[in-house]
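Visitor: generate a structure from the sequence data that follows.
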Amino acid sequence: MNIATTDTVIPIPFMTDTRSVRLHFDFEDQKRKMTPDEFWRFCSVNRKLRAELTKDGDVIIMAPTGFESSEKNIEIGSQLLNWAKKNGNGKVTDSNGAYVLPNGATYAPDAAWVRKDRLKDFTPAQMKKFLPLAPDFVIELRSESDSLNDAKAKMIEWIENGVQLGWFIDPQNKQIHVYRSDRDVTILDDPASVSGADILPGFELDLAEVW
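Guide: Alright, predicted model coming up:
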């Protein structure tokens, strides 16, 4: 399989374990990491890839999810979107919506919510690209190919970079890991629902279709 920078085609290894491929690019002018703008151009010329950029400048090429994970993800996103439309105070993005975090990473959570008042100062041109902010709320859904340790580390990174509330949903163990900026991680075992509390007032995620 090949990928392309804006001017170079690069072969990448065959994905033997269905998880991900980590790529690091060394630039000829100096040893430096890929910038968010360069990553945007990289994604623009490799539209078929699901990719994220780590804070260290590594590009992670991720395998697509299977049917079951995809179906669960759209259920979760739909519930969040339905609440957001009634609430009216924020916008929802799906797993294709990426955010540039203060530490330089560019991640796309499975679902996210951002308050509208935080979006008003962005230009139309900025809104068409990866948005340089941390969402108020993120959801990450564990798929069969996801490493549990990597997923937990990513959730911590979300919180460290400004996310107020994050849910890591683990269908394999029927657990919700609740991350907040103002308290320790809480693990809920086989809950019927989970509340957005004060960050998303009135939002209750029904987990009947997720488990």
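
Visitor: can you list the domains in this protein?
Guide: Annotated domains of the chain cover 2-62, 67-206 [automatic domain parsing].

Visitor: and those domains, which one averages the lowest pLDDT?
Guide: Lowest mean pLDDT within the domains of the chain: domain 2-62, at a mean of 68.

Visitor: most packed of the domains of the chain?
Guide: domain 67-206 (a mean of 17; mean count of other CB atoms under 10 Å). For the C-beta atoms, the positions are set from N, CA and C on the backbone; glycine is no exception.

Visitor: longest helix of this protein?
Guide: helix 67-87 (DSSP state H).

Visitor: I figured residue 81 hits residue 92, correct?
Guide: Yes - counting by CB atoms under 8 Å, residue 81 touches residue 92, with 4.8 Å between them.

Visitor: show residues contacting stretch 183-194.
Guide: Stretch 183-194 is contacted from outside by 167, 174-180, 204-208, 211, using CB atoms under 8 Å, 6 or more residues apart in numbering.

Visitor: same thing but 10 Å
Guide: 79, 139, 152, 155-156, 159, 166-170, 173-180, 203-208, 210-211 (CB atoms under 10 Å, 6 or more residues apart in numbering).

Visitor: just how off-centre is it within its chain?
Guide: Centroid separation for stretch 183-194 versus its chain: 20 Å, with CA atoms, centre = their mean, to the nearest Å.

Visitor: for that stretch, list the C-alpha coordinates in PDB.
Guide: Extracted in PDB, the C-alpha atoms of stretch 183-194 (Å, rounded to 0.1, in the frame of the first residue of the first chain):
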ATOM      1  CA  ARG A 183     -11.900  14.400  39.600                       C
ATOM      2  CA  ASP A 184     -10.500  10.900  39.300                       C
ATOM      3  CA  VAL A 185     -11.600   8.400  36.700                       C
ATOM      4  CA  THR A 186     -14.800   6.500  37.600                       C
ATOM      5  CA  ILE A 187     -15.500   3.100  36.100                       C
ATOM      6  CA  LEU A 188     -19.200   2.000  35.800                       C
ATOM      7  CA  ASP A 189     -19.900  -1.700  35.500                       C
ATOM      8  CA  ASP A 190     -22.700  -2.700  33.100                       C
ATOM      9  CA  PRO A 191     -24.700   0.500  33.500                       C
ATOM     10  CA  ALA A 192     -28.100   0.900  31.800                       C
ATOM     11  CA  SER A 193     -27.300   4.500  31.000                       C
ATOM     12  CA  VAL A 194     -24.800   7.200  31.800                       C
END
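
Visitor: angles on the backbone of the residue nearest to residue 178 when sequence neighbours are not counted, please.
Guide: For residue 178, ignoring the flanking residues on the chain, the nearest one in space by CB to CB, 6 or more residues apart in numbering is residue 186 at 4.4 Å. Per-residue torsions, residue 186: phi -120, psi 140 (degrees, to the nearest 10).

Visitor: partner residues bridging residue 204?
Guide: Beta-bridge partners for residue 204, by DSSP bridges, are residue 195.

Visitor: that one and residue 83 touch, don't they?
Guide: Yes - Residue 204 lies in contact with residue 83 (CB atoms under 10 Å); the separation is 8.3 Å.

Visitor: what's the overlap in contacts for these two?
Guide: With CB under 10 Å, 6+ apart as the test, residue 204 and residue 83 both reach residue 196.
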